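Peer 1: fold the stuff below for me.
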Amino acid sequence: MNAKILLFFVVASAAAQRRPYAYRAPESSEESYESTEAKYNFNWAVSDDSSSNEFGHQEARDGDDTQGSYYVQLPDGRLQTVKYFVDGDSGYVAEVSYQGEARFPDSYESFESREYRPPRPVYG
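Peer 2: From the prediction side, this is the model:
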């Protein structure tokens, strides 16, 4: 009986010493990392003659100064070009322009229909 009481007090004492779970902020590391200024320049383009698809992008960055442009051939035949730069607190500033005139084929049919048709059955 004395052994059971002794064991009870040992377990109770260990449980009382356990600290309750609490969130603590992570300890700061003494390591310091040097900040390097971003500096890059890239350019790529795609021109697919079979589909008349053309698009590309170029951008240059030196520290906080970022400038670039991208272009895409639209389905209506126009070339859309977006020139942009990042202006400090104003953020991303873009200028959009179009070259060419929109063309639509005479036999252009919309995939959308205004009348309801039940779906056709598909047999495996």
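Peer 1: in this structure, where is pLDDT below threshold?
Peer 2: Within the chain, the ranges that satisfy pLDDT under 70 run 1-21, 29-36, 106-114.
Peer 1: can you pull out the strands in it?
Peer 2: Assigned by DSSP state E, the strands in the chain fall at 39-48, 53-62, 65-73, 79-87, 91-99.
Peer 1: so what does the third one touch, helix or strand wise?
Peer 2: Translated: strand 65-73. The contact analysis (3 or more Cβ pairs under 8 Å, 6 or more residues apart in numbering; DSSP states H and E) places strand 65-73 against strand 53-62, strand 79-87. Heads up, the C-betas are built off the backbone N, CA and C, glycines and all.
Peer 1: right, and these - which one's nearest W44?
Peer 2: strand 53-62 (6.0 Å; Cβ to Cβ).
Peer 1: mind listing what the closest one pairs with, with the direction of each?
Peer 2: Strand pairing for strand 53-62, determined by DSSP bridges: strand 39-48 (antiparallel), strand 65-73 (antiparallel).
Peer 1: and those strands as CSV, adding mean neighbour count?
Peer 2: Converted to CSV, these look like this (neighbours: other Cβ atoms under 10 Å):
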stretch, mean neighbour count
strand 39-48, 10
strand 65-73, 16
